[in-house]
Structures are given as C-alpha cells and as structure tokens.
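Participant: compute the structure for the input listed below.
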Amino acid sequence: MSPDELNDKLVDLEIRLTHQEDHIDQLNNTIYQQQKTIEQMEQQMEVVIKRLKTLLEAEGNILSPDEDSPPPHY
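Facilitator: Model (predicted):
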C-alpha cells in the first residue's frame with residue numbers, strides 16, 4: 001500500500017471512531033435521562049401507594065382480596 005492509501009485509511013478510521021464516540025455519548029445521555037425518569041416515577045408511585053392505603057384504611061368497609069368472595073357468576 002502506498003502512503004497515501006494508508007493515510008486515507010487512517011483518516012477513515014479516525015472519522016469512524018469519532019462517530020462511534022458521539023453515538024456512545026448520546027446513548028449514555030439517553031440512559032441517564034431514562035434513569036432519572038424511572039426514579040421520579042418510583043417516587044410518584046410510592047406516594048400513590050401511600051395515598052391508596054390511607055384511603056382504603058379510611059373506608060374500612062372494603063374487603064381485602066383474601067376476604068372478598070367472587071361474584072355469583074363464577
């Protein structure tokens with residue numbers, strides 16, 4: 001191979017590497033954002049569960065799944 005061909009291949013490899021690094025950075029950012037969203041959703045879910053438990057305890061007349069009998073058509 002001539003020096004020009006080797007240089008062209010080297011430049012091509014450097015360009016590919018740069019593109020791959022950019023893609024990896026974008027993927028890392030996406031994963032980071034998704035993790036933040038998941039953590040926020042988990043916190044919101046905990047609040048909803050606590051509220052639901054409070055409401056169910058306040059109702060008192062709602063049966064737990066173990067105590068509830070199936071409807072007559074079963």
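Participant: how much space is there between Thr18 and Met41?
Facilitator: Shown here: Thr18 relative to Met41, a distance of 35 Å by CB to CB, to the nearest Å. (Each C-beta comes from the backbone N, C-alpha and C, glycine too.)
Participant: ok, now Val47?
Facilitator: Noted for Val47: a distance of 11 Å to Met41, by CB to CB.
Participant: common neighbours of these two, please.
Facilitator: Common contacts of Val47 and Met41, defined by CB atoms under 8 Å, 6 or more residues apart in numbering, are absent altogether.
Participant: in which helix or strand would I find the residue nearest the centre of the chain?
Facilitator: Geometric centre of the chain, nearest residue: Gln34, 4.5 Å, by CA atoms, centre = their mean. Per DSSP states H and E: Gln34 is located in helix 3-59.
Participant: show me what that helix is packed against.
Facilitator: Judged by 3 or more CB pairs under 8 Å, 6 or more residues apart in numbering; DSSP states H and E, helix 3-59 is in contact with no other helix or strand.
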